[in-house]
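Colleague: Build me a model from this:
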Amino acid sequence: MDDLFAPPAYDWKRLAPGFLKLRRVSDAIFWLIFLSIPAVLLLIFSERWWPPVLVWAAALVIIGLRFHFLRRSCASWGYVERDDDLYLTHGVWWRTLTAVPYGRMQLVEVESGPLERLFGLASVTLKTASPGTDARIPGLDPAEAARLRDQLTELGEAHASGL
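Modeller: Purely as a prediction, here's the structure:
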């Protein structure tokens, strides 16, 4: 089954290690805020102290479980630049392999939001003629994102010239 998602003749490039840190920080912030709202409401409207403590304990358990599963999720991301197309793969439970032909690429974007910049990361998004095959590679080193943008743009122009 793994051969379906990893052609043996190619080495997969993986995401930058900072991507796992970014995902962990953003997940921790989300779950702490999301579960602090009911905890604070319970603290205000309940005469007992232990229900809010249980909610915050649940938040810590959820964050711990997410940290464990995020390691595998981030490690599952990869891409391969082949002669005629770019392969992207990701997913632990539901694995996905996307092949994006260079000749079908219409736009290559590099993005870096505030948290991504804080962790020294960028993302590359590929827009194609079909909205179903648009692809995104998150968590790249900015130098690798710029190299990939230039390489994909060049390959896209070279392969589209034959149309």
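Colleague: any idea which helix or strand comes after the lengthiest helix in the chain?
Modeller: For the chain, the helix with the greatest residue count under DSSP state H is helix 18-45. Downstream of helix 18-45, the first helix or strand assigned by DSSP states H and E is helix 50-75.
Colleague: For that next one, which helices and strands make contact with it?
Modeller: The contact analysis (3 or more C-beta pairs under 8 Å, 6 or more residues apart in numbering; DSSP states H and E) places helix 50-75 against helix 18-45. Placement of C-beta: from N, CA and C, glycine included.
Colleague: picking up where we left off before, so which bits of the longest helix of the chain are buried?
Modeller: In terms of neighbour count (16 or more other C-beta atoms under 10 Å), helix 18-45 has its buried residues at 18-24, 27-28, 31, 35, 39, 42-43.
Colleague: Quick check: the residue located most distally from the centre of the chain vs Ala28, distance?
Modeller: Ranked by distance from the centre of the chain (C-alpha atoms, centre = their mean), the top residue is Glu47, with 42.7 Å. Distance of Glu47 to Ala28, computed by C-beta to C-beta, to the nearest Å: 30 Å.
Colleague: Show me the shaky parts of the protein.
Modeller: Low-confidence segments of the chain (pLDDT under 70): 1-8, 132-134, 160-163.
Colleague: got the domain boundaries for it?
Modeller: Using automatic domain parsing, the domain ranges for the chain come out as 18-73, 78-160.
Colleague: Contacts only, for the one residue sitting closest to the centre of the chain.
Modeller: Centroid-nearest residue in the chain: Pro138, 4.4 Å away (criterion: C-alpha atoms, centre = their mean). By C-beta atoms under 8 Å, 6 or more residues apart in numbering, the contact set of Pro138 is Leu15, Phe19, Trp77, Leu121, Ser123.
Colleague: The second one contacts Ala75, doesn't it?
Modeller: Think Phe19. No - counting by C-beta atoms under 8 Å, Phe19 stays clear of Ala75, with 9.9 Å between them.
Colleague: what helix or strand is the closest residue to Arg82 other than its chain neighbours on?
Modeller: Nearest in space to Arg82, with sequence neighbours left out and distances taken as C-beta to C-beta, 6 or more residues apart in numbering, is Tyr10 at 6.7 Å. Tyr10 is part of no helix or strand, with elements assigned from DSSP H and E.
Colleague: Dump the contacts of Pro138 to TSV, plus secondary structure.
Modeller: Shown next, in TSV, are the contacts of Pro138 (DSSP: H, G, I helix; E, B strand; the rest coil):
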residue	secondary structure
Leu15	coil
Phe19	helix
Trp77	coil
Leu121	coil
Ser123	strand
